[in-house]
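> Here's a sequence, model it:
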Amino acid sequence: LLLSFGSEKNMVDNGLVVSQLFWNLISEELGIHGVVDRKMTDKERLKLQKKIERASARSDSDSDEDRIECDGADLSKWSPDAINLQQITHLVGVNCAELCISEYITNFFKSINFNKKKLTEIDSRTSSFGELAELYLNNNKIEVMRNLPPTLKEVYLYSNQISSVSQPGSPGLLHAGLGYNQLCDSQIANLVRFYPNLVSIDVSWNNLCDLDGLASYLTHLASLKMLYVVGNPLTLKKSYWNFLSSQLQHLQVLDDIEILRESEEMKKLKSFKNKSSLHSSMMSGRSPERKNVKASFIIDDMTIPKDTIDVGLDINVLGNLKGFCFTEDHLAGVEELTDKKLKETAYWAKITLPGLVDQPLLTATKYWKED
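Prediction:
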């Protein structure tokens, strides 16, 4: 069965559909005609591969390479894969039977750019592209998001007339670019249901009004990291950014602003804020004297900068000493001035936050000259 579009239902109001444009380009720009609409057998695939290898071994003409590069300038505008396919047609010929099989050609393409082509529909044949990962359909007249290839990872449908999301087809879709369309609140539910693995969604400048509903739907997307909703009526609420960032805990970027999350360590520290005090125990042969002192620490390496934390700190001094205290830097001079034995006193400090930090923070040694 040869591919034909004359009597197909995917001719919509004298406008182009995706697969029709694709096959027109295959015919007009690559010169491949008489494509048979069927799957390719393993035998045919192996046979074509051998033909390509033999032709590659024979081909060393610089003029042919220059011509291919020149012709490929226009092809790269709609797909870099079209250039590679053109090189194969120069090797084995456009009339090669194995080359003129629809499955081989559609599976050859990983990326297609059909921006500004006056397309009106993503037709059912578009879903037959078995290896397509990127599809750019910006600035067209498409009304329904559907019939996406099963392998698609990114789809760009900005500035269309999309008001409906229908028919699951790309369970592995990671990015949906749907800005500047006509989506309403109910279609977010379809987007979440049909594409559960989305990491990035752009639905900016649509008709979304229900802030609570949007958050409720998107909580089901465990992998969602980036969200763009600017330009929708729901963003007229001043608290929309804080609300969505707090409801969607996995989100990292909202409307191009990075969300700074508190680390677990910071949460624990803040829970002790204003509840701890500094205790000093002086052991001098009598009951230790305890003093309450407030200490503040600036945490520089946490997610939220410039936050002041009040903590409890135990400082202990051992020894029942009299005399004068000298630092270690002056120790040598002290030894020269006296033959009396110097006593050594150990100081240490420990943060007292149960379950968080319970280890020595610093240790200092001071030396005392006996009276």
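> can you pull the pLDDT of the residue lying closest to residue 110 once chain neighbours are set aside?
Distances taken as C-beta to C-beta, 6 or more residues apart in numbering place residue 133 nearest to residue 110, at 5.1 Å, with adjacent residues excluded. From N, CA and C alone the C-beta is placed, and that goes for glycine too. Looking at residue 133, its pLDDT is 96.
> Run a quick neighbour tally on residue 133.
17 (other C-beta atoms under 10 Å).
> Tell me how far it lies from residue 172.
Plainly put, residue 133 is 9 Å away from residue 172 if you go by C-beta to C-beta, to the nearest Å.
> about what we covered before: show me what contacts the residue nearest to residue 110?
Neighbouring residues of residue 133 by C-beta atoms under 8 Å, 6 or more residues apart in numbering: 110-111, 151-154.
> which intervals of the stretch 251-371 of the chain have sub-threshold pLDDT?
Scanning the stretch 251-371 of the chain for pLDDT under 70 picks out the ranges 262-371.
> hang on, the earlier thing: CSV please, covering the contacts of residue 133 and showing neighbour count, secondary structure and pLDDT.
As requested, these are arranged in CSV below (neighbours: other C-beta atoms under 10 Å; DSSP: H, G, I helix; E, B strand; the rest coil; pLDDT from 0 to 100):
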residue, neighbour count, secondary structure, pLDDT
110, 16, coil, 95
111, 16, strand, 95
151, 17, coil, 95
152, 23, coil, 95
153, 17, coil, 96
154, 17, strand, 96
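> What is the nearest of those residues to residue 212?
Of all the contacts of residue 133, residue 212 sits closest to residue 154, with 29.0 Å by C-beta to C-beta.
> Helices along the stretch 151-300 of the chain, start to end?
Secondary structure of the stretch 151-300 of the chain, counting by DSSP state H, counting those that start in this stretch: helices at 186-194, 211-218, 240-247, 264-271.
> Which positions within the second one qualify as buried?
Of the residues in helix 211-218, those buried by neighbour count under the rule 16 or more other C-beta atoms under 10 Å are 211, 214-215, 217-218.
> Give me the mean pLDDT for that helix.
In this model, helix 211-218 carries a mean pLDDT of 96.
> Equivalent analysis for the first one, please.
When pLDDT is averaged along helix 186-194, the result is 95.
> Start the count at 43 instead of 1 going forward.
All set: I'll call the first residue 43, so the last point we hit is now helix 228-236.
> For it, give me every contacting residue.
By C-beta under 8 Å, 6+ apart, the residues outside helix 228-236 that reach it are 205-211, 218, 220, 240, 243, 245, 250, 255-256, 259-260, 262-263.
> okay, now residue 160: neighbour count?
Counted by other C-beta under 10 Å, the residues lying close to residue 160 total 12.
> and it, what pLDDT?
Residue 160 is assigned a predicted lDDT (pLDDT) of 94.
> what about the residue nearest to residue 152, distance to residue 121?
Look at residue 175 and residue 121: by C-beta to C-beta, they are 12 Å apart.
> okay, and the common contacts of the two?
residue 153.
> Correct me if wrong: residue 247 contacts residue 224.
No. In this structure, residue 247 sits apart from residue 224 without contact. The criterion is C-beta atoms under 8 Å, and the distance is 9.9 Å.
> For the helices of the stretch 193-342 of the chain, could you give me JSON lines that also reports distance to residue 182?
Below are those laid out as JSON lines (distance: least, C-beta to C-beta, whole Å):
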{"stretch": "helix 228-236", "distance to residue 182": "18"}
{"stretch": "helix 253-260", "distance to residue 182": "26"}
{"stretch": "helix 282-289", "distance to residue 182": "29"}
{"stretch": "helix 306-313", "distance to residue 182": "47"}
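> just to revisit the earlier point, could you export the contacts of residue 175 as a markdown table, including distance to residue 164?
Rendered in a markdown table, the data for the contacts of residue 175 read as follows (distance: C-beta to C-beta, whole Å):
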| residue | distance to residue 164 |
| --- | --- |
| 152 | 18 |
| 153 | 16 |
| 193 | 15 |
| 194 | 11 |
| 195 | 16 |
| 196 | 14 |
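> from the residues you listed, which single one is nearest residue 116?
Taking C-beta to C-beta as the measure, residue 153 is the one of the contacts of residue 175 closest to residue 116, at 16.0 Å.
> Which residues are in contact with the residue nearest to that closest one when sequence neighbours are not counted?
Nearest in space to residue 153, with sequence neighbours left out and distances taken as C-beta to C-beta, 6+ apart, is residue 176 at 4.1 Å. When contacts are counted by C-beta under 8 Å, 6+ apart, residue 176 is found next to 152-154, 194-198.
> same thing but 10 Å
The neighbourhood of residue 176, defined by C-beta atoms under 10 Å, 6 or more residues apart in numbering, consists of 121, 151-155, 194-198, 217.
> beta partners for it?
The partner list for residue 176 in beta bridges (DSSP bridges) reads residue 153, residue 196.
> what separates it from residue 265, distance-wise?
The spacing between residue 176 and residue 265, counted by C-beta to C-beta, is 19 Å.
> Look up how far residue 201 lies from the residue nearest to residue 153.
Per C-beta to C-beta, residue 176 is found 17 Å from residue 201.
> how close does residue 156 sit to residue 210?
In this structure, residue 156 and residue 210 are 22 Å apart, going by C-beta to C-beta.
> Residue 66 too?
When residue 66 is compared with residue 210 (using C-beta to C-beta), they lie 28 Å apart.
> Mind checking which of these two has more residues around it?
A count of neighbours by other C-beta under 10 Å puts residue 210 above the other of residue 66 and residue 210, at 15 against 12.
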